[in-house]
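Chemist: Compute the structure for the input listed below.
(one chain, ligands or ions: 1)
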Amino acid sequence: MTREAELIRRTLEEVEGSADSATAYFYALLFVQYPQVRELFPAAMDVQRDRLFRSLLTAARMFDDGPALQAHFAALGRGHRKYGTLPTHYPAVGECLMRALERYAPRSWGPETESAWVKAYTALSQVMIDAAAEDERHAPAWWRAQVVTHEQRTPDIAVLTVRPDAPYPFRAGQYTSIETPWWPRVWRHYSFASAPRPDGLLVFHVKAVPAGWVSTALVHKARPGDVLRLGPPAGSMTLDDGGDSGLLCLGGGTGIAPIKALVEDVAKRGASRPVEVFYGARTDLDLYDLDPLLRLDRSYPWLSVRPVVAAGRGSVPSVPGELLDAVRRYGPWAAYDGYLSGPPGLIRSGVAALVGAGIPAHRIRHDALEELVNRP
Ligand SMILES: NC(=O)C1=CN([C@@H]2O[C@H](COP(=O)(O)OP(=O)(O)OC[C@H]3O[C@@H](n4cnc5c(N)ncnc54)[C@H](OP(=O)(O)O)[C@@H]3O)[C@@H](O)[C@H]2O)C=CC1
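Modeler: Alright, predicted model coming up:
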């Protein structure tokens, strides 16, 4: 680890215990000193506060992996276009960030630490600014998308189909951010639940999370004709071009959405690689997308879909028990690539289970955990 990376890591370690206060102080300072940036943020800042600190921690963890750090901040820069972020905002944010760190990490702060932060911040904000400028040449900052269908599958899960106002290029397995008209500037991530379609429509599976603003609005308020905003596509849980190993796909709850998109992608490519899907849910009533998946299973000899239900088995034939126990009972899996999607706890224990089943960690894909917690 370089000296600068070490100084940055120490600051973050010190500030971690008081991250909430430090972030609140940062935003208070920013909004007082630069009131013009306030309108870029949502009215209520709760989730936003967590995001900033998580983003700093992610950066610090990647600090010695230059290409990963560049790619992460380039994606962040592109993603910030939808907020209306301008190059002139970055110095203001940097200045307030330094003052917050100075105040909440007094033991590690000093001229050398400050210059390490200034150097890192300047370089990474330039990566964001450059990526946003490059992206502006060929893609809009956001898309408007009209709800075409809204299908209530369970009391708290809906499947929405939307029509973007301009072509929306993405890859199966990726996700986007969605803003509803009811909560301006509050964006949440949802995966595409189908591979790119010839009619250009996009499909999302949304579960209304208790007290979740965007998810509740999408499930209980949104109707055909309503217009949402979409950010750019993101995420790397995609198929390798030219890969031919089997895919072991685990989808928990609405986490099945990107898995279904990946299955469609394999079908479109015409490759007959084996795809084994384990679809986990608490009860069979929660298997809201089972019928379409079983239809795919019947259409493709290379596909096998197994519903796994932990409790309350009833009308649907399913593998009983815990999702990961069920996966362990089948196999062998060492020659497969792993794809995991669902609640953060499932991703954590799922990675361990697949590594235990002989799949090397670099062949296991899932969305970044810090993105997953933001779907309410
Ligand atoms: N909507 C979307 O586009 C996407 C959503 N997601 C995420 O998927 C999640 C869906 O939530 P929800 O439908 O409530 O899912 P649930 O909490 O109901 O879980 C669904 C399945 O995952 C299993 N599971 C949950 N936690 C663990 C764990 N720690 N270890 C092992 N297995 C576990 C459950 O097993 P058990 O019954 O034993 O608890 C169940 O089989 C959300 O976190 C969402 O962010 C991810 C990608 C896309």
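Chemist: how much space between the closest residue to residue 187 other than its chain neighbours and residue 158?
Modeler: Leaving aside its sequence neighbours, residue 187 sits nearest to residue 177 (Cβ to Cβ, 6 or more residues apart in numbering; 4.2 Å). Every C-beta, even on glycine, is put in place using the N, C-alpha and C of the backbone. Going from residue 177 to residue 158 by Cβ to Cβ, to the nearest Å gives 18 Å.
Chemist: about what we covered before: and the contacts of the helix or strand harbouring the residue nearest to residue 187?
Modeler: Assigned by DSSP states H and E, residue 177 falls within strand 175-179. Residues from elsewhere that reach strand 175-179 (Cβ atoms under 8 Å, 6 or more residues apart in numbering): 79, 82, 142, 170, 185-192, 202, 204, 214, 218, 228-235, 258, 367, 371.
Chemist: Show me the helices in the stretch 101-250 of the chain, by range?
Modeler: Secondary structure of the stretch 101-250 of the chain by DSSP state H, counting those that start in this stretch: the helices cover 111-136, 213-220.
Chemist: helices and strands around the first one, which ones?
Modeler: When contacts are defined as 3 or more Cβ pairs under 8 Å, 6 or more residues apart in numbering; DSSP states H and E, helix 111-136 sits against helix 3-16, helix 66-79, helix 89-104.
Chemist: go with 10 Å
Modeler: helix 3-16, helix 46-61, helix 66-79, helix 89-104 (3 or more Cβ pairs under 10 Å, 6 or more residues apart in numbering; DSSP states H and E).
Chemist: before we move on, back to that, model confidence for the residue nearest to residue 187, exactly?
Modeler: On pLDDT, residue 177 comes in at 95.
Chemist: give me phi/psi at the closest residue to the ligand within the chain?
Modeler: Using Cβ to the nearest ligand atom, residue 253 is the residue of the chain that sits closest to the ligand, at 1.9 Å. Dihedral angles phi and psi of residue 253 (degrees, to the nearest 10) take the values phi 60, psi -140.
Chemist: wait, what's in contact with the spatially closest residue to it that is not a sequence neighbour?
Modeler: Leaving out its chain neighbours, the residue that sits closest to residue 253 by Cβ to Cβ, 6+ apart is residue 342, at 5.7 Å. Residues counted as contacts of residue 342 (Cβ atoms under 10 Å, 6 or more residues apart in numbering) are 250-259, 279-281, 323, 350, 366-367, 372.
Chemist: How many neighbouring residues does the spatially closest residue to residue 322 that is not a sequence neighbour have?
Modeler: Nearest non-adjacent residue to residue 322, counting by Cβ to Cβ, 6+ apart: residue 310, 5.8 Å away. Counted by other Cβ atoms under 10 Å, the residues lying close to residue 310 total 17.
Chemist: What of residue 252?
Modeler: Residue 252, neighbours per other Cβ under 10 Å, totals 24.
Chemist: Please tell me how far it sits from residue 357.
Modeler: From residue 252 to residue 357 the distance is 17 Å (Cβ to Cβ).
Chemist: before we move on, the earlier item: give me every residue that touches the residue nearest to residue 322.
Modeler: Per Cβ under 10 Å, 6+ apart, neighbours of residue 310: 280, 281, 282, 283, 286, 318, 320, 321, 322, 323, 325, 326.
Chemist: No further questions, thank you.
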